[in-house]
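Predicted model and sequence follow; I will ask about them next.
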Amino acid sequence: MAKRIDIRLTVFRFFITLALGCCFIIQTPRVGSCKEGYWSAESVDLQYSVSTVSARATRDIDVISPDKKKRVIVTGVGFHIKINGKRLPDPKEDIHGIQILAELGWSPDSKAFFVTQSDGGEVGTWYVNIYILGPRFLIDADITNEVKKDFMARYNCDVWGEDRGNEIPNIAAIKWLNGSSKLLLLAEVPPHSSCPEMGKFMGYVVSVPSGKILVRYSAAEVKAKWGRSLGRRHSNDEKYDIDKGKLPSWK
């Protein structure tokens, strides 16, 4: 009798997970979670399991699309897509990968997803990859070039001590807009000692897949308009309280 109840509870939890459209851990012991992303509260944190004396850290996560028909299956540093149970070909599968620190967000129409990831920990360079589900295979798109160029003209990092260069900004995806045709990106001055304005950021709404900048927003405007979509990286800057209308000092 107890075994029958356990089976029913397992099945019930499985379907609850699917209904929520979050993520499903497809390996035991647990190797991930439905924790929200570091940058975006609307993404899923693709965290590794915690390593122990007897087991190495692993990652095996299934992130389900809003329409419940598509799945991004993340295994270690690789991933693949399944639509209605059938694997979608990826011509660049050998070079597509996911860093240790990463988060993933499906578009509301289930036609695309973003991956925000770092090449060197929390203080490393964060960047965004966009993947669009084509009729026959997966398509990637670079939508950050215009944003990088525009934002880098607004700050200066003393890279070599003589103002001879500038550091590449961190870029993160925050929220899909208008289905999968627009995306809110956040550009941030790296939190490095060479950057006097470290942590300064702006928001950009860009067209997908061209990357054309449609609208620019100050940090204060981003928090006023999309404060609840921000992850823990910037959600609590300067004790910001969206309900009380308090805005950070930098504009």
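Here it is on my side, so go on.

what residues are up against the nearest residue to residue 136 once chain neighbours are set aside?
Nearest residue to residue 136, sequence neighbours excluded (CB to CB, 6 or more residues apart in numbering): residue 89, at 6.9 Å. C-betas here are computed from N, CA, C, even on glycine. Residue 89 makes contact with 136-138, according to CB atoms under 8 Å, 6 or more residues apart in numbering.

In these, which residue is surrounded by the most others?
Neighbour counts for those (other CB atoms under 10 Å) peak at residue 138, which has 18 neighbours.

Contact partners for it?
Residue 138 neighbours (CB under 8 Å, 6+ apart): 81, 88-92, 96, 131-132.

quick one: least confident of those?
Ranked by pLDDT, the contacts of residue 138 bottom out at residue 91 (75).

so residue 101 touches residue 115, yeah?
No - using CB atoms under 8 Å, residue 101 makes no contact with residue 115, being 11.0 Å away.

Take the contacts of residue 138 and lay them out in JSON lines including distance to residue 125 and secondary structure.
Formatted as JSON lines, the contacts of residue 138 follow (distance: CB to CB, whole Å; DSSP: H, G, I helix; E, B strand; the rest coil):
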{"residue": "81", "distance to residue 125": "26", "secondary structure": "strand"}
{"residue": "88", "distance to residue 125": "29", "secondary structure": "strand"}
{"residue": "89", "distance to residue 125": "30", "secondary structure": "coil"}
{"residue": "90", "distance to residue 125": "24", "secondary structure": "coil"}
{"residue": "91", "distance to residue 125": "26", "secondary structure": "coil"}
{"residue": "92", "distance to residue 125": "21", "secondary structure": "coil"}
{"residue": "96", "distance to residue 125": "18", "secondary structure": "coil"}
{"residue": "131", "distance to residue 125": "20", "secondary structure": "strand"}
{"residue": "132", "distance to residue 125": "24", "secondary structure": "strand"}
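
could you flag which of the residues you listed are buried?
81, 88, 90, 96, 131 (16 or more other CB atoms under 10 Å).

Tell me which two of these sit farthest apart.
In these, the most distant members under the criterion CB to CB are 88 and 96, with 12.1 Å between them.

re the thing from before, next, format the buried ones among the contacts of residue 138 as TSV and append distance to residue 173.
Below are the buried ones among the contacts of residue 138 laid out as TSV (distance: CB to CB, whole Å):
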residue	distance to residue 173
81	18
88	21
90	20
96	16
131	11
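
ok, so of those, who is nearest residue 189?
residue 131 (27.1 Å).

circling back: so residue 101 and residue 115 - more neighbours on which side?
The residue with more neighbours, out of residue 101 and residue 115, is residue 115; 24 against 19, by other CB under 10 Å.

In a markdown table: the contacts of residue 89, plus distance to residue 220 and pLDDT.
As requested, those are exported to a markdown table (distance: CB to CB, whole Å; pLDDT from 0 to 100):
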| residue | distance to residue 220 | pLDDT |
| --- | --- | --- |
| 136 | 44 | 86 |
| 137 | 41 | 86 |
| 138 | 37 | 91 |
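
In JSON lines: the residues you listed, plus distance to residue 106.
Below are these laid out as JSON lines (distance: CB to CB, whole Å):
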{"residue": "136", "distance to residue 106": "20"}
{"residue": "137", "distance to residue 106": "18"}
{"residue": "138", "distance to residue 106": "14"}
